[in-house]
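K.L.:
generate coordinates for the sequence data below:
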Amino acid sequence: MIHPFARLRLLTATILIAVSLSFSSCTHSQNKENIMMDNYKHTNELINESSPYLLQHAHNPVNWHAWNEKTLQLAKDEDKPLLISVGYSACHWCHVMEHESFEDEEVAQLMNENFICIKVDREERPDVDDIYMNAVQIVSGSGGWPLNCFALPDGRPFWGGTYFPKQKWMNLLTQIAEMYKSRRPDLESQAESITQSVNNDNVFSSLEDQREFT
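P.N.:
Next up is the predicted model:
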C-alpha cells in the first residue's frame, strides 16, 4: 500500500515532468518557426493571405500585393501602373515563370521600381481573372496562365500576355515603364479602347467603386 504522502509526491513529480515536457515542446516549436522565417531573405504582404497559391509567392523578392482597396490606392498615390499576375497552384507555367523571373533579384528590382505588383489566385477571384483574361485576349488574340496584365492605376488594362521567358519579360518591363513615363496618353487611349472592346465599361469603372471586390 502506497502512503498518501508518497502518492502526493508521485503526482507532483508527474505534473512537473509533464509541464517541463510541454514547455520544451512549445519552445522547440517556436524556435523552429523562427528559424524557418530567418531562412527567408524576402517576405512580402502575401504572407498575410490565406490562399495557398498566394502564399507560394510570399517570399519572392517581388513586392507582391493582394487585390484590394489598399493596393489600388497605393498605385494612385505613387502614380505607378499596375502589374496584375493571375495564376493558380496547379499551373505548370505559373511555377516556371515564378522560378525564372519572380524569384530573380534583377527582375524583381525592375518590377518593384516601376510597378505596383499584384498577385491574384484565379480560383479565389475568378471575377478578377475573367476581366483581365478578356483584356489579354483582345490584345494578343489568345489567353492562358500565368496571365500577366498591365493596367493604369485605376485598374483599366492597356497591355498583357501570358508566359514570358526571363529576358523577354525584362525587356517588356523596361519598355512599358518607359512608355508610361513618355507616352502615357497613348496608354490611356489604349486602355479606353480595350475597355470599350470588352463591352464591360460598368465592370471597369466599378473597380474603384467596389473597393473590397466582394
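K.L.:
per-residue confidence for residue 39?
P.N.:
Residue 39 is assigned 80 on the pLDDT scale.
K.L.:
state the distance from it to residue 47.
P.N.:
14 Å (C-beta to C-beta, to the nearest Å). (Glycine included, C-beta is placed from N, CA and C.)
K.L.:
so for those two, which sits in the more crowded spot?
P.N.:
residue 47 (14 against 8; other C-beta atoms under 10 Å).
K.L.:
tell me the contacts of that one?
P.N.:
Residues in contact with residue 47, defined by C-beta atoms under 8 Å, 6 or more residues apart in numbering, are 55, 58, 59.
K.L.:
need the three-state assignment for it.
P.N.:
With DSSP: H, G, I helix; E, B strand; the rest coil as the basis, residue 47 sits in helix.
K.L.:
and it, what pLDDT?
P.N.:
For residue 47, pLDDT reads 97.
K.L.:
of the contacts of residue 47, keep whichever come out buried.
P.N.:
Listed as buried from the contacts of residue 47 are 58, 59; burial here means 16 or more other C-beta atoms under 10 Å.
K.L.:
tell me which of the contacts of residue 47 fall in helices.
P.N.:
Judged by DSSP state H, these include residue 55 as members of helices.
K.L.:
pipe the contacts of residue 47 into CSV and attach distance to residue 113 per row.
P.N.:
As requested, these are exported to CSV (distance: C-beta to C-beta, whole Å):
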residue, distance to residue 113
55, 25
58, 20
59, 20
